[in-house]
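Peer 1: My questions are about this predicted structure, shown below with the sequence.
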Amino acid sequence: MSVMVRSVVLAWTLSLLAACTTLSADEKTAINDPYENTNRKLFAFNLALDNYALEPAANLYKKAAPELIQKSVRNYVSWTGMPSTAFNSGLQGKFENAALASLTFLVNGLTLGFVDLMEGEEQPEHEDFGQTLASAGVSQGSYLVVPFIGSNTVRSAGGRVVDTVLNPLRVFSGETVSDARATLPVVSAVSFRATHFDTINDVKNNSLDAYARARSAYYQQRDKLLQNNLPKVEGHNGLDEFETFFTE
Amino acid sequence: MVHLKKLFLNVKTTICAAIMMLVCAGGAAHANDRVSEAERLVTALITELEQTSLRDNMTDKENKQVLNQLVENYFDVDAITRFSVGRYWRVATESERSEYAKLFRFVLLNQANEQFHKLRDLEFKPTTTNTKGDKLILVGGIIHDKSGEFPDVEIFWRVVALPDMPVKIFDIEVENISMLKTQQDENTTLIRRNAGRFSALIEALQEQLNNQQTD
């Protein structure tokens, strides 16, 4: 079985698992962590990995690479996500965003994504397959900490597999492209870690419970991304939790 | 007679409409006042932070004193403290509440003090302000790093505007992550994993404070 077929089958299975969880509409983005004990062990593993590999690498990268290079790498990582955004926007009926992502991908493709030739122009909104599944009514499933990757839900983990398959580098063959494909996750991880260096260190060093803080941050960011995909999650009287607090 | 009746009705309708417009305009003007007040509060805080961060030769103790005063003047400390432990505030005893409030403030001040030097190169560019219901205002902006080390970051200040009270900052949302919500999730998880004991949170904070002091 080819890698692509296997990936799609895996994503489909994960999506089905997510669909099988019967959460109400209100709880589609609420924290749901039935495997917390296992997740905490995996989180500890990822933390150790960060301590011994990712943090030192990101620190070195931050110090050694000039800001221009770091920006180019961020552009490149963002560029590789454009086909996925275009594809998923199309699936969700957001055709304007799909067109914008395709245009950005083609234009920036002239520099292999390292230079953002569309800088200052309207940027496409990120859309992934996890968001597409959310739009289709698939519930998020349980919270999962994935080794080497980090926070996910069953739905977003399934979506991630499909998005990986849609990476433009998969279309091309050749040694250079193959190397680029293999190193993309590492480059992406180091670039992300360097960009959020102090924030992540703050979570690691100043938290009472780093796991809970990371999980909360993940859900909040994901909720924001899913704002256009799901009905607005609010309290029973139409207020968010901050407004509710001041009405009690 | 019919004409007079019609005229009287028209006058009545016009007066009612005028009163309604005045009431609505008054309400809108009041809401606008609160929005401007919230924007001024955030701008004033940023200005004070910038000025303080530029002062050289300040000791840790002096920094903390300034920060403590800023927290007192600009933040709704009481509401922040209560929100940060969610539903567990209700189960805490009076002494646990006051002990928690004291420790929570110490820990926050220590952490803020550690980050203080980073403010020097940051600048705040206001973008949009939105009201959230009749008690909350979101003052939005971009944090720009003048040194160019970090990309621009989107930030929202959640300001509480209760009737007849001065506006105060309740929460800061950076890149869609609410600092207060994150703190609440962390605190409530810790209490929940310790069989709902509020004192477990106090012990953890005390330990963190001890570690900060030995660092």
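Peer 2: Right, received. Where do you want to start? Residues are numbered from 1 along each chain as shown, chains lettered A, B, ... in the order given.

Peer 1: Which residues of chain A lie near chain B?
Peer 2: Taking C-beta under 8 Å from any C-beta of the partner chain as the contact definition, chain A meets chain B at A:31, A:67, A:71, A:74, A:195, A:198, A:202, A:206-209, A:211-213, A:215-217, A:220-221, A:223-224, A:239-243, A:245-247. Quick note: C-beta positions are derived from backbone N, CA and C, even for glycine.

Peer 1: The closest residue to A:Glu67 other than its chain neighbours and A:Asp198: what is the separation?
Peer 2: Leaving aside its sequence neighbours, A:Glu67 sits nearest to B:Gly148 (C-beta to C-beta, 6 or more residues apart in numbering or on different chains; 5.5 Å). Distance of B:Gly148 to A:Asp198, given as C-beta to C-beta, to the nearest Å: 15 Å.

Peer 1: can you check B:Glu39 too?
Peer 2: Distance, B:Glu39 to A:Asp198, by C-beta to C-beta: 28 Å.

Peer 1: Comparing the two, which shows the higher neighbour count?
Peer 2: Neighbours per residue (other C-beta atoms under 10 Å in any protein chain shown) separate B:Glu39 from A:Asp198, with B:Glu39 holding more: 18 against 11.

Peer 1: hang on, that one packs against B:Thr127?
Peer 2: No - with contact defined as C-beta atoms under 8 Å, B:Glu39 does not count as touching B:Thr127 (11.0 Å).

Peer 1: between these two, what contacts are shared?
Peer 2: Between them, B:Glu39 and B:Thr127 share no contacting residue under C-beta atoms under 8 Å, 6 or more residues apart in numbering or on different chains.

Peer 1: What's the local residue count around B:Ser199?
Peer 2: B:Ser199 is flanked by 14 other residues according to other C-beta under 10 Å.

Peer 1: Three-state assignment for it, please.
Peer 2: Under DSSP: H, G, I helix; E, B strand; the rest coil, B:Ser199 falls in the helix class.

Peer 1: okay, it: pLDDT?
Peer 2: Note for B:Ser199: predicted pLDDT of 96.

Peer 1: got the contact list for the closest residue to it other than its chain neighbours?
Peer 2: Leaving aside its chain neighbours, B:Ser199 sits nearest to B:Glu96 (6.4 Å; criterion: C-beta to C-beta, 6+ apart). Contacts here follow C-beta under 8 Å, 6+ apart; on that basis B:Glu96 touches B:Phe198, B:Ser199, B:Ile202.

Peer 1: Now do B:Lys61 against chain A, distance only.
Peer 2: The gap separating B:Lys61 from chain A is 20 Å, by C-beta to the nearest C-beta, to the nearest Å.

Peer 1: Let me know how buried that residue is, in neighbour terms.
Peer 2: As a burial measure, B:Lys61 scores 8 neighbours (other C-beta under 10 Å).

Peer 1: where exactly do the helices run in chain A?
Peer 2: All helices of chain A, identified by DSSP state H, fall at A:3-20, A:36-49, A:55-64, A:67-80, A:82-91, A:95-109, A:129-135, A:154-165, A:175-195, A:197-206, A:210-225, A:241-247.

Peer 1: among those, which is nearest B:Ile191?
Peer 2: Closest of these to B:Ile191 is helix A:210-225, at 10.6 Å (criterion: C-beta to C-beta).

Peer 1: pLDDT (mean, whole number) over the closest one?
Peer 2: Across helix A:210-225, pLDDT averages out at 93.

Peer 1: ditto for stretch A:82-94
Peer 2: 92.

Peer 1: can you check stretch B:141-151 too?
Peer 2: 82.

Peer 1: Just list the residues touching A:Ala194, thanks.
Peer 2: A:Ala58, A:Asn59, A:Tyr61, A:Lys62, A:Gln70.

Peer 1: Apologies, that question was intended for A:Ser135.
Peer 2: Counting by C-beta under 8 Å, 6+ apart, A:Ser135 touches A:Leu91, A:Gln92, A:Asn229, A:Leu230.

Peer 1: Any regions of chain B where pLDDT drops low?
Peer 2: In the predicted model of chain B, residues B:1-31, B:117, B:214-215 satisfy pLDDT under 70.

Peer 1: any low-confidence regions in chain A?
Peer 2: In chain A (pLDDT under 70), the answer is A:1-30, A:168-174, A:176-177, A:231-238.

Peer 1: Report the distance from stretch A:240-248 to the chain centre.
Peer 2: The chain centre lies 30 Å from the centre of stretch A:240-248; the measure is C-alpha atoms, centre = their mean, to the nearest Å.

Peer 1: same check, this time on stretch A:81-99
Peer 2: Counting by C-alpha atoms, centre = their mean, stretch A:81-99 comes out at 16 Å from the chain centroid.

Peer 1: One more: stretch A:216-227?
Peer 2: A distance of 10 Å separates the centroid of the chain from that of stretch A:216-227, by C-alpha atoms, centre = their mean.

Peer 1: Next: stretch A:89-107.
Peer 2: Taking the mean of its C-alpha atoms, stretch A:89-107 sits 18 Å from the chain's own mean (C-alpha atoms, centre = their mean).

Peer 1: which of the residues in that stretch are buried?
Peer 2: Using 16 or more other C-beta atoms under 10 Å in any protein chain shown as the test for burial, stretch A:89-107 gives A:Ser89, A:Gly90, A:Leu91, A:Gln92, A:Lys94, A:Asn97, A:Ala98, A:Leu100, A:Ala101, A:Ser102, A:Thr104, A:Phe105.

Peer 1: same question, stretch B:49-66
Peer 2: Burial within stretch B:49-66, assessed by neighbour count using 16+ other C-beta under 10 Å, is assigned to B:Leu49, B:Thr52, B:Ser53, B:Asn63, B:Lys64, B:Val66.
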